[in-house]
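S.K.: here is a sequence with its predicted model. Questions after.
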Amino acid sequence: GENVEQHPSTLSVQEGDSAVIKCTYSDSASNYFPWYKQELGKRPQLIIDIRSNVGEKKDQRIAVTLNKTAKHFSLHITETQPEDSAVYFCAASMGAGNMLTFGGGTRLMVKP
Amino acid sequence: GAVVSQHPSWVICKSGTSVKIECRSLDFQATTMFWYRQFPKQSLMLMATSNEGSKATYEQGVEKDKFLINHASLTLSTLTVTSAHPEDSSFYICSARRGSDNEQFFGPGTRLTVL
């Protein structure tokens, strides 16, 4: 089955700096890669996703890049703010109807 | 749109009792629902995939007789933890898929504590 690795497990940045979280996946058939933000005790919230026919996607301060050949994808957050502090999960799926396999999570701390 | 609710949001029970958790899609029909378990400071681990009107597909290592899943309608799936023990204490989260969307919409989770 699919295996998703996520790094780093914790990341501390100064407010205003950029943060980058990286994930690798094992199954080349995976074609949907969402990123979720989860605050303590709350549900995961989708923040951005990318499909395998696209190499990069951007939404304001958040961007995701995908390298299908290398089977890795990354989340980039620019101009970080304290409210960005949370746990971020990447995931991979083989598309509609298929399960998501999650990475181990990254605890992001943005220091004011 | 695409709101998923869970009930209860938290429950404390004695060891040996059974607990039922409901997952509802409030404004859409969910062809597939997923149940996850999340231990503190860990990732979400898929327990089972539930399709309306058919038996759930359980992930390896998940006891189907202990975690009973019923997906009786397109808007409701239930997870029953039978004969709960302290090691079953966890955060249980459901998600629902709308139509042919890739995106899964997550419920708010249920925190189960077994004494």
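M.R.: Here it is on my side, so go on.
S.K.: tell me the buried residues in stretch B:55-71?
M.R.: Neighbour counts over stretch B:55-71 (16 or more other C-beta atoms under 10 Å in any protein chain shown) mark B:56-58, B:62, B:67-69, B:71 as buried. Backbone N, C-alpha and C define where each C-beta goes, glycine included.
S.K.: residue contacts, the residue nearest to B:Gly16 when sequence neighbours are not counted?
M.R.: Sequence neighbours aside, B:Ser83 is the residue nearest to B:Gly16 in space, at 5.7 Å (criterion: C-beta to C-beta, 6 or more residues apart in numbering or on different chains). B:Ser83 is in contact with B:16-18, B:66, counting by C-beta atoms under 8 Å, 6 or more residues apart in numbering or on different chains.
S.K.: need those in TSV with distance to B:Ser50, can you?
M.R.: Below are the contacts of B:Ser83 laid out as TSV (distance: C-beta to C-beta, whole Å):
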residue	distance to B:Ser50
B:Gly16	25
B:Thr17	23
B:Ser18	18
B:Lys66	16
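S.K.: nearest to A:Val13 among those residues?
M.R.: Compare each of the contacts of B:Ser83 with A:Val13 using C-beta to C-beta and the shortest gap goes to B:Lys66, at 41.9 Å.
S.K.: my guess is the closest one meets B:Val81, correct?
M.R.: Yes - counting by C-beta atoms under 8 Å, B:Lys66 does reach B:Val81; the two are 7.0 Å apart.
S.K.: quick revisit: out of the contacts of B:Ser83, flag the one nearest to A:Trp35.
M.R.: Looking across the contacts of B:Ser83 and measuring by C-beta to C-beta, the closest to A:Trp35 is B:Lys66, at 31.9 Å.
S.K.: contact partners for the residue nearest to the closest one when sequence neighbours are not counted?
M.R.: Closest residue to B:Lys66 apart from its sequence neighbours, by C-beta to C-beta, 6+ apart: B:Thr82 at 5.6 Å. Applying C-beta under 8 Å, 6+ apart, one finds that B:Thr82 lies in contact with B:18, B:65-68.
S.K.: flag every buried residue along the one helix or strand A:Leu11 maps to.
M.R.: Using DSSP states H and E, the element containing A:Leu11 is strand A:10-14. Neighbour-count burial for strand A:10-14, counted by 16+ other C-beta under 10 Å, picks out A:11, A:13.
S.K.: what's the mean pLDDT across the following helix or strand past that strand?
M.R.: The element immediately downstream of strand A:10-14 (helix or strand, assigned by DSSP H and E) is strand A:19-25. Averaged over strand A:19-25, pLDDT sits at 98.
S.K.: which strands and helices sit next to the helix or strand just after strand A:19-25?
M.R.: Once strand A:19-25 ends, the next helix or strand along the chain (criterion: DSSP H and E) is strand A:32-38. Judged by 3 or more C-beta pairs under 8 Å, 6 or more residues apart in numbering or on different chains; DSSP states H and E, the packing partners of strand A:32-38 are strand A:45-51, strand A:62-67, strand A:86-92.
S.K.: quick one: strands adjacent to the second one?
M.R.: Using DSSP bridges, the neighbouring strands of strand A:62-67 in the sheet come out as strand A:56-59 (antiparallel), strand A:72-77 (antiparallel).
S.K.: buried stuff in it?
M.R.: So strand A:62-67, judged by 16+ other C-beta under 10 Å, has buried residues A:62-66.
S.K.: CA atoms only: put stretch B:1-20 into PDB for me.
M.R.: The C-alpha trace of stretch B:1-20 is given here as PDB (Å, rounded to 0.1, in the frame of the first residue of the first chain):
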ATOM      1  CA  GLY B   1     -21.600  23.600   2.100                       C
ATOM      2  CA  ALA B   2     -20.100  20.200   2.900                       C
ATOM      3  CA  VAL B   3     -20.600  20.000   6.600                       C
ATOM      4  CA  VAL B   4     -20.000  16.900   8.600                       C
ATOM      5  CA  SER B   5     -21.000  16.500  12.200                       C
ATOM      6  CA  GLN B   6     -20.200  13.900  14.800                       C
ATOM      7  CA  HIS B   7     -22.000  13.000  18.000                       C
ATOM      8  CA  PRO B   8     -21.000  12.800  20.700                       C
ATOM      9  CA  SER B   9     -18.100  15.200  20.800                       C
ATOM     10  CA  TRP B  10     -16.700  13.500  23.800                       C
ATOM     11  CA  VAL B  11     -17.600  10.500  25.900                       C
ATOM     12  CA  ILE B  12     -16.300   8.900  29.100                       C
ATOM     13  CA  CYS B  13     -17.300   5.300  29.800                       C
ATOM     14  CA  LYS B  14     -16.400   2.400  32.000                       C
ATOM     15  CA  SER B  15     -14.300  -0.500  30.700                       C
ATOM     16  CA  GLY B  16     -16.500  -3.200  29.100                       C
ATOM     17  CA  THR B  17     -19.200  -0.900  27.900                       C
ATOM     18  CA  SER B  18     -20.000  -0.200  24.200                       C
ATOM     19  CA  VAL B  19     -20.000   3.300  22.700                       C
ATOM     20  CA  LYS B  20     -21.700   4.400  19.500                       C
END
